[in-house]
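Undergrad: Pasting a predicted model and its sequence here:
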Amino acid sequence: LQMRSLEVSEEVRQYLKTPTFDNWSWEDAEMMVLLQLMFSDLDFNSIFNIEADVLHHFLFEIYRRYNNIPFHNFKHCFCVTQMMFGLIWLTDLRSTMDTIDLLIMLTSAICHDLDHTGYNNAYQINARTELALRYNDISPLENHHCAVAFKILERDECNIFRNVSMDQFKRIREGIIRCILATDMTRHNEILNKFKSIQPCFDFSNKDHTDVLMMILIKVSDISNEARPMEVAEPWLDCLLQEFFNQSDMEKLEGLPVTPFMDRDKVTKPSSQTGFIRFVLLPLFMELKNLFPCLEQHIIHPVQKALDYYTEMETALERENQNQN
Ligand SMILES: COc1ccc(NC(=O)[C@H](C)Nc2nc3c(cnn3-c3ccccc3C)c(=O)[nH]2)cc1
Ligand SMILES: [Zn+2]
């Protein structure tokens with residue numbers, strides 16, 4: 001992978017800060033350069049003394065450790081990081097949060113699905129895989145993603161944190177572990193309820209409050225493909241269903257329990273999305289909008305349009321089925 005030193009125009013730098021960024025029109029090598037740009041645009045390199053070649057080696061090793069599977073691949077890692085980058089600028093977090101917390105969030109986004117095999121936690125546990133054994137069925141995938149991240153950081157030439165103090169590294173490590181482990185969707189309600197409970201009087205100087213906000217922001221970045229333009233989001237749903245179908249095919253072959261919304265004989269694109277958008281995405285975004293009203297137009301409106309699109313598709317499909325029967 002030749003990371004061409006793509007000369008990034010001012011126009012692209014601004015476009016990179018918006019949730020409308022289209023990942024499909026960029027090569028992997030260009031996305032690597034854009035990831036470096038995010039670090040420098042947020043002043044991480046100067047504030048934390050991150051040398052350019054160390055950042056380069058770090059990102060290259062990250063790139064190597066994502067697998068070529070339909071959804072949880074390097075492009076997903078880039079999308080989640082780019083959404084996080086966009087949210088930081090959109091909500092002006094540079095003026096309300098410590099820079100070290102922004103560094104934790106961006107690095108967590110980059111690392112959050114490292115070495116994902118395309119089989120979710122339910123499969124790991126049911127199939128009693130090496131990961132389920134090692135992590136005692138407790139978020140086996142997320143524990144693994146985080147362990148791989150710190151294995152990479154143990155190598156001096158990849159350690160972007162090698163010039164920070166012991167106290168700073170301790171805070172960074174605690175933050176990255178907390179954020180990556182928060183991406184386990186089985187903990188969705190636990191984390192959302194914690195955020196709801198501190199909502200009325202959110203205090204940016206209270207670490208307990210900002211710790212929860214950081215988990216909410218990586219969760220939002222991770223699952224918010226539907227906040228992007230339809231021509232960007234729809235291919236991602238095809239990739240996701242491809243990965244889900246691979247898993248449910250394998251589960252059927254191995255006589256393991258099959259998750260209904262992964263079963264190619266049961267799921268349709270609209271049915272999987274209308275429920276997900278209505279019961280998972282919108283409630284999550286509505287909570288975040290209470291803190292950052294500007295997300296109404298940038299995130300919630302596009303998702304409501306996506307809900308209308310899939311609801312339309314669902315009724316059209318049902319009408320078609322009725323005509324056939
Ligand atoms: C509470 O745990 C859950 C809840 C919902 C889902 N997934 C769904 O409902 C369906 C399959 N749709 C869906 N799932 C999505 C999307 C984005 N990420 N994402 C996803 C991917 C892997 C694991 C979990 C989720 C939510 C998306 O746009 N749609 C998966 C896990
Ligand atoms: Zn992810």
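TA: Received, thanks. Since we're looking at a predicted model, the values are computed, not measured. Ligands and ions are numbered 1, 2, ... in the order given.

Undergrad: what about the closest residue to ligand 1 within the stretch 201-325 of the chain, distance to Y310?
TA: When Cβ to the nearest ligand atom is the measure, the stretch 201-325 of the chain has its nearest residue to ligand 1 at F276, with 3.6 Å between them. (C-beta placed from N, C-alpha, C; glycine too.) With the distance defined as Cβ to Cβ, to the nearest Å, F276 ends up 9 Å from Y310.

Undergrad: On the pLDDT front, check whatever residue of the stretch 51-200 of the chain ends up closest to ligand 2 for me.
TA: Scanning the stretch 51-200 of the chain for proximity to ligand 2 using Cβ to the ion identifies D113 as nearest, at 4.3 Å. The predicted local confidence for D113 comes out at a pLDDT of 99.

Undergrad: if I pick the residue of the stretch 201-325 of the chain closest to ligand 1, what's in contact with it?
TA: When contacts are counted by Cβ atoms under 8 Å, 6 or more residues apart in numbering, F276 is found next to E226.

Undergrad: For the most centrally placed residue in the chain, give me phi and psi.
TA: The structure's the chain has its C-alpha centroid closest to D222; by Cα atoms, centre = their mean the separation is 2.3 Å. The phi/psi pair for D222 (degrees, to the nearest 10) reads phi -70, psi -40.

Undergrad: right, and it touches V80 too?
TA: Yes - under the criterion of Cβ atoms under 8 Å, D222 makes contact with V80 at 5.2 Å.

Undergrad: Overlap of the contact sets of the two?
TA: Here D222 and V80 share the contacting residues A109, H112, scored by Cβ under 8 Å, 6+ apart.

Undergrad: what residues does this protein put near ligand 2?
TA: If contact is defined as Cβ under 5 Å from the ion, the residues of the chain in contact with ligand 2 are D113, D222.

Undergrad: swap the cut-off to 6 Å and go again
TA: Within the chain, the positions lying close to ligand 2 (Cβ under 6 Å from the ion) are H76, V80, H112, D113, T183, D222.

Undergrad: Max pairwise distance over these: which two?
TA: Between any two of the residues of the chain next to ligand 2, the greatest separation by Cβ to Cβ is 11.5 Å, found for H76 and T183.

Undergrad: circling back: got a winner among the residues of the chain next to ligand 2 for most neighbours?
TA: The member of those that has the most neighbours, counting by other Cβ atoms under 10 Å, is H112 with 28 neighbours.

Undergrad: residues touching F204, list them.
TA: F204 is in contact with T96, M97, T210, counting by Cβ under 8 Å, 6+ apart.

Undergrad: Make a PyMOL selection of the buried ones in the residues you listed.
TA: Buried residues among the contacts of F204 (16 or more other Cβ atoms under 10 Å), as a PyMOL selection:
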select buried, resi 97+210
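
Undergrad: Cross the contacts of F204 against strands and list the overlap.
TA: With DSSP state E as the criterion, strands contain none of the contacts of F204.

Undergrad: for the contacts of F204, which one is nearest A122?
TA: Looking across those and measuring by Cβ to Cβ, the closest to A122 is T210, at 31.4 Å.

Undergrad: which residues in the stretch 51-200 of the chain form strands?
TA: Counting by DSSP state E, counting those that start in this stretch, one finds no strands in the stretch 51-200 of the chain.

Undergrad: Which pLDDT does the model give the closest residue to ligand 1 within it?
TA: Among the residues of the stretch 51-200 of the chain, M185 lies nearest to ligand 1; the distance is 3.5 Å by Cβ to the nearest ligand atom. As predicted, M185 sits at a pLDDT of 98.

Undergrad: if you skip the residues just before and after it, what's nearest to it?
TA: Closest residue in space to M185, ignoring its immediate chain neighbours: I223 at 7.6 Å, by Cβ to Cβ, 6 or more residues apart in numbering.
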